[in-house]
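**Q** Build me a structure from this.
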Amino acid sequence: MKIRILRLALVLALFLIVRLVRAADNELSPQEKSDGWQLLFDGKTLEGWANNNGKPMPANAIQDGAFNPHLAGSYVPYFSKRKFGDFTLALDFKVSKGCNSGVFFRMADPKDPVQSGFEIQILDSAGKPKVGKHDCASLYDAVEPGKNAAKPAGEWQHMEIIAKGSRIQVVLNGEMVVEADLDRWTEAGKNPDGTKNKYKKAWKEMAREGYVGVQDHNHDVWFKNIKIKPLK
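**A** Predicted coordinates:
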C-alpha cells in the first residue's frame, strides 16, 4: 500500500512539474520567454495584427482559442503589425477537407503578398505518395517538401519556419521537409531546377524583412500557438 501511495505521489509531482514547464495553448512557458519567444496570437483577440481590408472580423473567427481567417474578406486578411527579418516562427494549424491556405512571411507589401513575400503552403495533402511544389509545407511554387509529413484534415499539426539570411527551413510535425537558399533564385520566373514559377522578381533580390500573414483561400483553416523568436 505504501509503495502504491509513493508511486501515485511521484506521478502527481511529475505531472505538476510538466504543467509548470509546458505552456498552455496560446501562452509562453517561462523557458520560452527566457529564450526570446514572442506570442503573436493570444487565443482571444487579434491584437498585434493588422487588417488588410478594413472590414470587421467575422463573428466566429476566434473560437476555442483558435483563429480562422476564412471569410475575412481578402487573400491575406491579417498580418503582423511588426516586421521580422531573421526568425523562427512556430504555429499549430488544422485544415478542413480540401483546404488550401498558407502562411506568408517577409512580406514587404501586404497589399501584394505574392510578389513581395514568401508563402509556405498549407494544404489538405495528407497521404499523397508524391508531393510537389504546391503541397503542404512547400515553399510555394518553388520547393517541394522532401517528404509528405502532413496529417489528415481535422488533426492539429505543428509547423516551424526558420528564416536566417538567405536560408529557409520548414519543419512539419517534427520532420525537416524544406531547406532552401534564396540566393540560388537568380532569375525572375525561374527556379534553380529550371522549372518556371510565378514570381516577377528573382528571390535573391527580395526583401529580407517583412510581415507575417495568414491566407484565406476560400476554405476553413484554424491557427493557434502562433509565436515567433527573432534571431540575432
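**Q** May I ask you to confirm that residue 32 belongs to a strand?
**A** No. Under DSSP: H, G, I helix; E, B strand; the rest coil, residue 32 falls outside any strand and is assigned helix.
**Q** For the closest residue to residue 164 other than its chain neighbours, give me its contacts.
**A** Of all residues not flanking residue 164 in the chain, residue 86 sits nearest, at 4.7 Å (C-beta to C-beta, 6 or more residues apart in numbering). Yep, even glycine has a C-beta here, placed from its N, CA and C like the rest. By C-beta atoms under 8 Å, 6 or more residues apart in numbering, the residues touching residue 86 are 163-165, 208, 230-232.
**Q** now residue 167
**A** Contact analysis of residue 167 by C-beta under 8 Å, 6+ apart lists 179-182.
**Q** so where's the protein shaky on pLDDT?
**A** Scanning the chain for pLDDT under 70 picks out 1-22.
**Q** on that earlier part again, generate a markdown table for the contacts of residue 86, with secondary structure as supplementary columns.
**A** A markdown table is the format used below for these (three-state DSSP):
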| residue | secondary structure |
| --- | --- |
| 163 | strand |
| 164 | strand |
| 165 | coil |
| 208 | coil |
| 230 | strand |
| 231 | coil |
| 232 | coil |
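**Q** Now the buried members of the residues you listed.
**A** Buried residues within the contacts of residue 86, counting neighbours by 16 or more other C-beta atoms under 10 Å: residue 163.
**Q** Please pick the buried ones from the contacts of residue 167.
**A** Using 16+ other C-beta under 10 Å as the burial test, those include 180, 182 as buried.
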